[in-house]
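**Q** Let's see this in three dimensions:
(4 chains)
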Protein chains: 2
Amino acid sequence: MADLETRNLRYFVAVAEELHFGRAAERLGIAQPPLSRAIKRLEARLGVELLARSGGRVTLTEAGEVFLRESRRALDAVAAAAHRAVRAGRGARRLVLTMKPGGDAGLLPAILAAYEAMPGALPVEIMAGAGDRSAPLRDGRADVGMLHSPYSDLEGLDAESLLVERQVVLLPTGHRLAARPWVRLSDLRGETMPPWPSRPVGSIAGQNVIDVGQLMQLIALGRTIAVVPESVRDVMRQDGVVCRPVLDAPPTTVVLAWQQDNCSTAVAAFVRAATEVAVRAAASPPAGVPATADA
Amino acid sequence: MADLETRNLRYFVAVAEELHFGRAAERLGIAQPPLSRAIKRLEARLGVELLARSGGRVTLTEAGEVFLRESRRALDAVAAAAHRAVRAGRGARRLVLTMKPGGDAGLLPAILAAYEAMPGALPVEIMAGAGDRSAPLRDGRADVGMLHSPYSDLEGLDAESLLVERQVVLLPTGHRLAARPWVRLSDLRGETMPPWPSRPVGSIAGQNVIDVGQLMQLIALGRTIAVVPESVRDVMRQDGVVCRPVLDAPPTTVVLAWQQDNCSTAVAAFVRAATEVAVRAAASPPAGVPATADA
DNA sequence: CGGGCCGATACCCTGAGGGTATGGCGGACC
DNA sequence: GGTCCGCCATACCCTCAGGGTATCGGCCCG
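**A** Numbering: from 1, shown residues only, chains lettered A, B, ... in the order given. Got it, this is the predicted structure:
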């Protein structure tokens, strides 16, 4: 069982995700034949068939499924090694927090204040950006992240729930559903919806959704509608947009997540600060963010 | 930040462990100059100095410490990907248990019986061997392991304590301390002791200690003495060897450990079986393995 | 039965990475 | 303080892993 290079893993992950050698090769920036060879060699080295090429279809074998999951984890670990070392070398210890802009449900200021009041608190750097917010946690670019539970993949991360929210749909004022006090998911069939939870940042009619403000504009213009956690309503208001509860949408949870094996005391302190703030917020919710009524 | 290959990590880990390019190169089976170049390139790619070469001394920088830890973890993850995929491909789902022979404190038969009585239990394969028993857990060759707490490195593993044991010293009958009812650690200064907890399997006067039986023989022959958890006494008796409690030796804990991110139900079931057995054993200890008296 | 899609094979070629020889710098010892 | 020695860095060469192009072969579909 010779040494597996990360290149082998990257190649396999690409093929496993595309289930198509040609597209995977293109994504990797190489030609298809070397990729075929590489995968074949990989299978030979492991002594296991990872992909079933039965005619025009490529599918993952059971071993391939396992190897895909483990490979992703291993690649994350390699990336984390690099990022953590760089951050350690750049001196200036910091705690990096990753989040979607506006995704903190208004909790962040209080959490930051609580954390920074703790003895030995590090400066907190906020890393806001589009795309999958859990990736920076896995690959070591961030220490903690505010994620949204059903949307983000928490596999391999530790997490603490901060807040459970209902979801609302954002509609332009002139929309056919805007007159109703509430809607159901079935009412939204056939509407243009941004693929909010999907992995690559979604595009609506060619426009990339990169921040909540832009999304609001698009809604006001009648180009799309969106289902979002109700706290977004308070963070970002926009004329021409109304929100209506979606009764049967599953509730979202704002979770604070971090890498499982992270033994840093700074992360532990931040998590403690955040949960304390969350408990307090649940007890006495700020105006505009009503607590979920007891059943 | 170009792709880091596992080769880079392996090379760095070797140098970081040896703190000597020449020895590290020898260990890796390559010459020293390519190794120097590789490390230098690695540092250039990361943009961080990992090693401080100040005169004849090589030391790790702070970033190097971080990178060493993370690199080990990443290499384990890569190895785990390979092993898990192979095991998944070989069909025949099994639960692999790693342990030091005789290191189960007599708990194993009951644990196996309890686990196998559970619905959906997999066949258990026992992987006994010398060396570091936590490595197979990290690199995916084993699912669960019985480790000994102060001796095995549990970093990055989840673990459940099964049993806390006092330690005893094994002496040849003719030994100067054999006449005493108990000893203290200070009495053992200067004695020939196998480096039991050390990473490479220790050698006593050129003999590799590979199993408990051999160790017993060596003790009976007066070649060495050993401090071991008291349950070893019951698993393996030998004429010519007596055991005496070591009053001030730290107690050892038999722990059941597994990879943190392992979400397999089989592992969960095994852990549950083991803890139940351990609780029962603590309540009514079998003859010969007295429970630790309440303080 | 023919065309097109897609993975596998054949063959070449480039460059990353390994080897040998040697330089250069520090520390140690007399 | 000079010399020696240990050890990492540099210089230079060479080999082969891995990438590219061209093409084959099997499968599906019309």
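**Q** ok, what's across the strand from the closest residue to residue A:19 other than its chain neighbours?
**A** Closest residue to residue A:19 apart from its sequence neighbours, by CB to CB, 6 or more residues apart in numbering or on different chains: residue A:58 at 4.8 Å. From N, CA and C alone the C-beta is placed, and that goes for glycine too. Note on residue A:58: beta-bridge partners residue A:53, judged by DSSP bridges.
**Q** what residue ranges in the stretch 1-150 of chain A are flagged as low confidence?
**A** Low-confidence regions of the stretch 1-150 of chain A, defined by pLDDT under 70, span residues A:1-2, A:55, A:91-92, A:101-103, A:128-132.
**Q** Just the buried positions in the helix or strand that contains residue A:279, please.
**A** Using DSSP states H and E, residue A:279 sits within helix A:265-283. For helix A:265-283, a neighbour-count test (16 or more other CB atoms under 10 Å in any protein chain shown) marks A:266-267, A:269-271, A:273-275, A:277-278, A:281 as buried.
**Q** try stretch A:25-34
**A** Here stretch A:25-34 shows A:25, A:28 as buried, counting by 16+ other CB under 10 Å.
**Q** ok, residues contacting that stretch?
**A** Stretch A:25-34 has contacts (CB atoms under 8 Å, 6 or more residues apart in numbering or on different chains) with A:10-11, A:14, A:18, A:21-22, A:35.
**Q** how about 6 Å then?
**A** A:14, A:21-22, A:35 (CB atoms under 6 Å, 6 or more residues apart in numbering or on different chains).
**Q** Have a look at chain A and report its longest helix.
**A** helix A:62-89 (DSSP state H).
**Q** Counting by contacts, list what the very next helix or strand once past that helix packs against.
**A** Following helix A:62-89 in sequence order, the next helix or strand is strand A:95-99 (DSSP H and E). Here strand A:95-99 touches strand A:124-128, strand A:144-148, going by 3 or more CB pairs under 6 Å, 6 or more residues apart in numbering or on different chains; DSSP states H and E.
**Q** Between strand A:144-148 and the helix or strand just after strand A:95-99, find me the angle.
**A** Where DSSP H and E defines the elements, the next helix or strand beyond strand A:95-99 is helix A:108-116. Put simply, helix A:108-116 runs at 150 degrees to strand A:144-148, going by axes from the mean of the first three to the mean of the last three CA atoms, to 10 degrees.
**Q** pull the CA atoms of helix A:108-116 into CSV?
**A** The C-alpha trace of helix A:108-116 is given here as CSV (Å, rounded to 0.1, in the frame of the first residue of the first chain):
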residue,chain,number,x,y,z
LEU,A,108,-23.3,38.8,17.1
PRO,A,109,-22.8,42.2,18.8
ALA,A,110,-23.7,40.8,22.2
ILE,A,111,-21.6,37.7,21.6
LEU,A,112,-18.6,39.7,20.7
ALA,A,113,-19.1,42.0,23.7
ALA,A,114,-19.4,39.0,26.0
TYR,A,115,-16.3,37.2,24.5
GLU,A,116,-14.2,40.3,24.5
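**Q** helices and strands around it, which ones?
**A** helix A:265-283.
**Q** The helix it packs on near chain B at all?
**A** No. Using CB under 6 Å from any CB of the partner chain, helix A:265-283 never reaches chain B; the gap is at least 13.8 Å.
**Q** what does that helix contact?
**A** With CB under 6 Å, 6+ apart as the criterion, helix A:265-283 contacts A:95, A:110-111, A:114-115, A:118, A:122, A:143-144, A:160, A:162-163, A:256, A:258.
**Q** Quickly name whichever of those is closest to DNA strand C.
**A** Taking CB to the nearest atom of the strand as the measure, DNA strand C lies nearest residue A:143 of the contacts of helix A:265-283, at 30.4 Å.
**Q** tally of neighbours for that closest one?
**A** If you count neighbours by other CB atoms under 10 Å in any protein chain shown, residue A:143 ends up with 25.
**Q** before we move on, what about residue A:57?
**A** Neighbours of residue A:57 (other CB under 10 Å): 9.
**Q** Name all residues that make contact with the nearest residue to residue A:83 once chain neighbours are set aside.
**A** Distances taken as CB to CB, 6+ apart place residue A:140 nearest to residue A:83, at 3.6 Å, with adjacent residues excluded. Contacts for residue A:140 (CB under 6 Å, 6+ apart) come out as A:80, A:83-84.
**Q** again, only this time at 8 Å
**A** So residue A:140 contacts A:79-84, A:87, A:259, B:70 (CB under 8 Å, 6+ apart).
**Q** Assumed it was part of a strand.
**A** No. Looking at residue A:140 with DSSP: H, G, I helix; E, B strand; the rest coil, it is coil, so not inside a strand.
**Q** What's the separation between it and DNA strand D?
**A** Between residue A:140 and DNA strand D the computed distance is 24 Å (CB to the nearest atom of the strand, to the nearest Å).
**Q** And that residue, how far from residue A:87?
**A** 8 Å (CB to CB, to the nearest Å).
**Q** can you check residue A:244 too?
**A** 44 Å.
**Q** Pick out whichever of the two has more residues nearby.
**A** Taking neighbours as other CB under 10 Å, residue A:244 and residue A:87 compare with residue A:87 leading, 21 against 18.
**Q** what helix or strand is residue A:158 on?
**A** strand A:157-165.
**Q** what about that strand, distance to the chain center?
**A** Taking the mean of its C-alpha atoms, strand A:157-165 sits 13 Å from the chain's own mean (CA atoms, centre = their mean, to the nearest Å).
**Q** Tell me the first helix or strand C-terminal of that strand.
**A** Toward the C-terminus, strand A:157-165 is succeeded by strand A:167-172 as the next helix or strand (DSSP H and E).
**Q** Mind listing residues that contact that next one?
**A** By CB under 8 Å, 6+ apart, strand A:167-172 touches A:177-178, A:183, A:188, A:215-216, A:219-222, A:225-230, A:232-233, A:240-246, A:249-252.
**Q** Please pick the buried ones from those residues.
**A** A:177-178, A:183, A:188, A:215-216, A:219-220, A:225-230, A:232-233, A:241-244, A:246, A:249, A:252.
**Q** quick one: residue A:279 from residue A:258, how far?
**A** 18 Å.
**Q** Could you do residue A:149 as well?
**A** Taking CB to CB, one finds residue A:149 at 15 Å from residue A:258.
**Q** quick one: which of the two has more around it?
**A** Shown here are residue A:149 and residue A:258; by other CB under 10 Å, residue A:258 has more neighbours (21 against 18).
**Q** what angle separates the strand or helix carrying the more buried one from helix A:265-283?
**A** According to DSSP H and E, residue A:258 maps onto strand A:252-259. Using the same axes, to 10 degrees, the direction of strand A:252-259 lies 170 degrees away from that of helix A:265-283.
**Q** Show me what strand A:252-259 is packed up against.
**A** Here strand A:252-259 touches helix A:135-138, strand A:144-148, strand A:157-165, helix A:265-283, going by 3 or more CB pairs under 8 Å, 6 or more residues apart in numbering or on different chains; DSSP states H and E.
**Q** Pull up the pairing partners for that strand, direction included.
**A** Here strand A:252-259 is paired, per DSSP bridges, with strand A:144-148 (antiparallel), strand A:157-165 (antiparallel).
**Q** neighbours around residue A:247, how many?
**A** Neighbours of residue A:247 (other CB under 10 Å): 12.
**Q** what does chain A have sitting close to DNA strand C?
**A** With CB under 7 Å from any atom of the strand as the criterion, chain A comes near DNA strand C at residues A:20-22, A:32-33, A:36-37, A:39-40, A:53, A:56, A:58.
**Q** and the strand holding residue A:258, C-alpha only, in PDB?
**A** Extracted C-alpha coordinates of strand A:252-259, given in PDB (Å, rounded to 0.1, in the frame of the first residue of the first chain):
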ATOM      1  CA  THR A 252     -33.800  26.800  10.900                       C
ATOM      2  CA  THR A 253     -31.300  26.800  13.700                       C
ATOM      3  CA  VAL A 254     -28.400  29.300  14.000                       C
ATOM      4  CA  VAL A 255     -25.600  27.100  15.200                       C
ATOM      5  CA  LEU A 256     -22.100  28.000  16.300                       C
ATOM      6  CA  ALA A 257     -19.800  25.400  14.900                       C
ATOM      7  CA  TRP A 258     -16.100  24.600  15.100                       C
ATOM      8  CA  GLN A 259     -13.600  21.900  14.100                       C
END
